[in-house]
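Asks: the sequence isn't on hand, but the structure is:
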């Protein structure tokens, strides 16, 4: 028989054992919780480290893409030529386990839901530093107030613009900028980048970007869903691009040939101009009799005196290479032989000439002599006759001589600045990044003159590329 004392001792012993069991269980539970916590932290850190690795891979792929673009331009953009897309690759090029794409534009097609890939010709755009007031006014999504602000921003007070319109003066608006928070001064000087437009009074994001908020030239899903997500759009199935799509500050053409010698000036037949042109034509194996016809058609007979009482008056100077082409009555086959060897400018370079072979319909519509009434016709002709785009001699098949003369001072058929908009992803589609560089090829060797990181603008490779990474193991 158990005594009361023994029963009490047994109860106390059981109580102590129960307390120890509870403490042990709580300790084990805490250790398990700590284990799970640190395991989850290690897993998160491992994923974060993997993401950092894929970002490094992507950055290196972008660097590789930039070097590749330089290689393409060095080999296929000689003497003002625009690289043919068939000559190089622009989609999903591998660099290790990463891939890169060159996001471009196609002036021959309307933007779709998928981006176009390739290099972009900067001479296909309107130059902010040389475009006249009338040309800027014709840009899509442009406002009259912004046109005046651009004119005022780029030029010093009472200075005539490079576009040649004496009525276009600028430099005002200091009071407007002084009232801003923080206040600033009106620049009164040339634009150094297109993104400098963000500083100009009246340049809102709606005007600059339109619906294309990621600046990839494609109608992404969020850009065609009304007010469901940013940006606000009209949900009409078409991309309303902002003016950044159509402008540049980099287009500049040298007045030297590929070998570094000066181009032949065809402004008039005075002095050495006539003889240099004759020698140039003969060096291209054009028959002497035909050479004489070309030169006399352009400048008149060499013996024709000018001035009152001395025979026919001297012909007025030609204002552009396009006008020389019309006046000389050269065939397309003849003109393509010398188009990169002639000029009407006396300076070292010509800024802001627009490549009529690559400019979009919207840009063509801004050019005097072409306008909205002829832009679509020119764009359609280029699509139907891609083999003639070796020069702009094809313009004679589309425009009357008077229109070519008017437009000629703004036109070229050569390009020396190109944009490589490089987007890349690492393994499993992670680590997306995007950088834009502008190359200048005037010296023969491509040189980077501008660099910008566009990663923050968001995914720009379209839904098809995104779909290829869906379901990939370990994808995020």
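Replies: It's in. Here the structure is a predicted model, which means the values were calculated and not measured. Numbering: from 1, shown residues only.
Asks: separation between residue 405 and residue 328?
Replies: 13 Å (Cβ to Cβ, to the nearest Å). (C-beta placed from N, C-alpha, C; glycine too.)
Asks: look at those two and report which has more neighbours.
Replies: Applying other Cβ atoms under 10 Å to residue 405 and residue 328 shows that residue 328 carries more neighbours, namely 22 against 18.
Asks: skipping its backbone neighbours, what lies nearest the more buried one in space?
Replies: Spatially, and ignoring its direct neighbours in sequence, residue 328 is nearest to residue 298 (4.0 Å; Cβ to Cβ, 6 or more residues apart in numbering).
Asks: so what pLDDT did the one you found get?
Replies: pLDDT for residue 298: 93.
Asks: how about residue 295?
Replies: The model's pLDDT for residue 295 equals 94.
Asks: separation between residue 224 and residue 208?
Replies: 19 Å.
Asks: let me redo that: residue 274
Replies: 48 Å.
Asks: the two: which is more packed in?
Replies: Taking neighbours as other Cβ under 10 Å, residue 274 and residue 208 compare with residue 208 leading, 22 against 18.
Asks: helix or strand for the more buried one, which one?
Replies: Element membership for residue 208 (DSSP states H and E) is helix 205-209.
Asks: also residue 151?
Replies: Counting by DSSP H and E, residue 151 is found in helix 144-154.
Asks: next helix or strand past that helix?
Replies: Sequence order places helix 174-178 as the next helix or strand after helix 144-154, per DSSP H and E.
Asks: and that next one, how far from the chain's centre?
Replies: Taking Cα atoms, centre = their mean, to the nearest Å, one finds the center of helix 174-178 at 31 Å from the center of the full chain.
Asks: buried ones in that helix?
Replies: Neighbour-count burial for helix 174-178 flags residue 177 (criterion: 16 or more other Cβ atoms under 10 Å).
Asks: show me where the stretch 301-450 of the chain has its helices.
Replies: Listed in chain order, the helices of the stretch 301-450 of the chain (DSSP state H, counting those that start in this stretch) span 321-328, 332-338, 361-364, 371-384, 401-408.
Asks: just these: most buried one?
Replies: Highest mean neighbour count among the helices of the stretch 301-450 of the chain (mean count of other Cβ atoms under 10 Å): helix 321-328, with a mean of 25.
Asks: which residues does it contact?
Replies: Helix 321-328 is contacted by residues 266, 294-295, 297-298, 318, 335, 339, 342-344, 392-393, 395-396, 401, 404-405, 407-409, 411-412 when judged by Cβ atoms under 8 Å, 6 or more residues apart in numbering.
Asks: for the residue nearest to residue 328, list the residues it contacts.
Replies: Contacts of residue 298 by Cβ under 8 Å, 6+ apart are 266, 269, 277, 318, 324, 327, 328.
Asks: and the fourth one, how many neighbours?
Replies: By the other Cβ under 10 Å criterion, the neighbourhood of residue 318 contains 24 residues.
Asks: picking that back up, next one: the residue nearest to residue 328 from residue 327, what distance?
Replies: Applying Cβ to Cβ to residue 298 and residue 327 gives a distance of 5 Å.
Asks: and for residue 29?
Replies: Distance, residue 29 to residue 327, using Cβ to Cβ: 95 Å.
Asks: do residue 207 as well
Replies: Distance of residue 207 to residue 327, given as Cβ to Cβ: 41 Å.
Asks: now residue 346
Replies: According to Cβ to Cβ, residue 346 and residue 327 sit 19 Å apart.
Asks: and if you look at residue 250?
Replies: Taking Cβ to Cβ, one finds residue 250 at 31 Å from residue 327.
Asks: residues in contact with the nearest residue to residue 322 once chain neighbours are set aside?
Replies: Excluding the flanking residues, the one nearest residue 322 by Cβ to Cβ, 6+ apart is residue 408, at 3.1 Å. By Cβ under 8 Å, 6+ apart, the contact list for residue 408 reads 319, 320, 321, 322, 323, 326, 369.
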